[in-house]
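> Quick one, structure for this:
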Amino acid sequence: MAEMSEEKFDNLNQKVDDLIQLCVKIKRENQALKASENGWQSERRKLLEKNKETKSKLESILIRLKAINYS
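Numbers count the residues shown, from 1 in each chain. Model (predicted):
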């Protein structure tokens, strides 16, 4: 095996360090995105439930209004 020059070794070592730093950065970004996604999903569930409750209340009001009109 050919001997690697000091300069080539340092260059390779720097590229490996850069790659490690990039992996750490991407991992942090991924964790932040997952946390954000969980927040949006939670908010969506709450909004869907609120929408369902509002629809139910409106249907109840419409039924009562129809009953008044037929009285």
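> and Lys15, how many neighbours does it have?
Lys15 has 10 neighbours, counted by other CB atoms under 10 Å. Backbone N, C-alpha and C define where each C-beta goes, glycine included.
> Tell me the spacing between it and Val24.
According to CB to CB, to the nearest Å, Lys15 stands 15 Å off from Val24.
> Same question for Lys66.
Per CB to CB, Lys66 is found 63 Å from Val24.
> Over to Tyr70: give its phi and psi.
phi -90, psi 0 (degrees, to the nearest 10).
> And the pLDDT at Asn11?
Looking at Asn11, its pLDDT stands at 95.
> Packing partners of the helix or strand where it lies?
Using DSSP states H and E, Asn11 sits in helix 6-69. Contacts defined by 3 or more CB pairs under 8 Å, 6 or more residues apart in numbering; DSSP states H and E place helix 6-69 against no helix or strand at all.
> how far out from the middle of the chain is it?
2 Å (CA atoms, centre = their mean, to the nearest Å).
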